[in-house]
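# turn this into a structure:
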Amino acid sequence: MEQRGISEPFEQGAVLFPGLEFRAMEKPWYSHPARNGVFLKDPVTTKETGGAFSYHLVRVSRNCEVADHDHELQWVWNVVPAGKGSFLVDGREAPVAQPGQTVVTPPRTHHTVSAGNDELSLLAPFVPALA
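Down below sits the predicted model:
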């Protein structure tokens with residue numbers, strides 16, 4: 001998968017803890033098991049944080065979406081470093097997702113993430129961690 005634009009520093013960067021460092025570049029991209037055109041990278045997982053939080057990079061290919069879903073326990077910060085798309089949160093359209101915007105979804109909040117004619121990149125921390 002090609003790395004480019006403003007999201008590249010996050011894909012190449014590191015997550016630092018006291019005495020620990022997790023390098024995103026050492027983690028592979030993989031296809032979402034249930035969503036065509038959606039790719040994930042997991043720089044920090046529940047294993048590293050004891051379930052406190054997890055941190056994921058998400059790529060939604062142009063004209064693809066992460067269909068309606070929710071997370072039972074997790075708050076999610078959907079930070080947009082690159083691309084453009086839209087969010088549907090609890091049945092309401094959120095402002096157009098573009099670089100610099102963050103859409104927060106509390107637990108049990110249904111949401112859909114759609115990329116338009118551009119690939120959409122997200123930084124997605126989950127609290128508590130996504131299992």
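# quick one: least confident helix or strand in the protein?
helix 8-12 (a mean of 78; mean pLDDT, DSSP states H and E).
# buried set for that helix?
Buried residues in helix 8-12, counted by 16 or more other C-beta atoms under 10 Å: 10, 11. Heads up, the C-betas are built off the backbone N, CA and C, glycines and all.
# got the contact list for it?
3, 24, 25, 41, 57, 81, 123 (C-beta atoms under 8 Å, 6 or more residues apart in numbering).
# PyMOL command for the buried members of these?
Remark: buried members of the contacts of helix 8-12, expressed as a PyMOL selection using 16+ other C-beta under 10 Å:
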select buried, resi 24+41+57+81+123
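# reformat the contacts of helix 8-12 as CSV; add secondary structure and pLDDT.
Listed next are the contacts of helix 8-12 as CSV, based on DSSP: H, G, I helix; E, B strand; the rest coil; pLDDT from 0 to 100:
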residue, secondary structure, pLDDT
3, coil, 40
24, helix, 83
25, helix, 85
41, strand, 94
57, strand, 94
81, strand, 93
123, strand, 94
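# between the contacts of helix 8-12, which is closest to residue 117?
Checking those against residue 117 by C-beta to C-beta gives residue 81 as the nearest, at 18.1 Å.
# now the closest one: how far from residue 100?
8 Å (C-beta to C-beta, to the nearest Å).
# cool, residue 107 as well?
25 Å.
# give me the more crowded residue out of these two.
Shown here are residue 107 and residue 100; by other C-beta atoms under 10 Å, residue 107 has more neighbours (13 against 9).
# so residue 34 belongs to a helix, correct?
No: with DSSP: H, G, I helix; E, B strand; the rest coil as the criterion, residue 34 is coil rather than part of a helix.
# could you export stretch 49-62 as CSV, CA atoms only?
Extracted in CSV, the C-alpha atoms of stretch 49-62 (Å, rounded to 0.1, in the frame of the first residue of the first chain):
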residue,chain,number,x,y,z
THR,A,49,-1.5,-1.5,27.3
GLY,A,50,-3.2,-4.1,29.5
GLY,A,51,-6.5,-3.1,27.9
ALA,A,52,-6.3,0.6,28.8
PHE,A,53,-6.3,1.8,25.2
SER,A,54,-5.4,0.8,21.6
TYR,A,55,-4.3,2.9,18.7
HIS,A,56,-5.1,2.1,15.1
LEU,A,57,-4.4,3.6,11.6
VAL,A,58,-7.3,3.2,9.2
ARG,A,59,-7.4,3.7,5.4
VAL,A,60,-10.7,3.8,3.6
SER,A,61,-10.3,3.4,-0.1
ARG,A,62,-12.1,5.9,-2.4
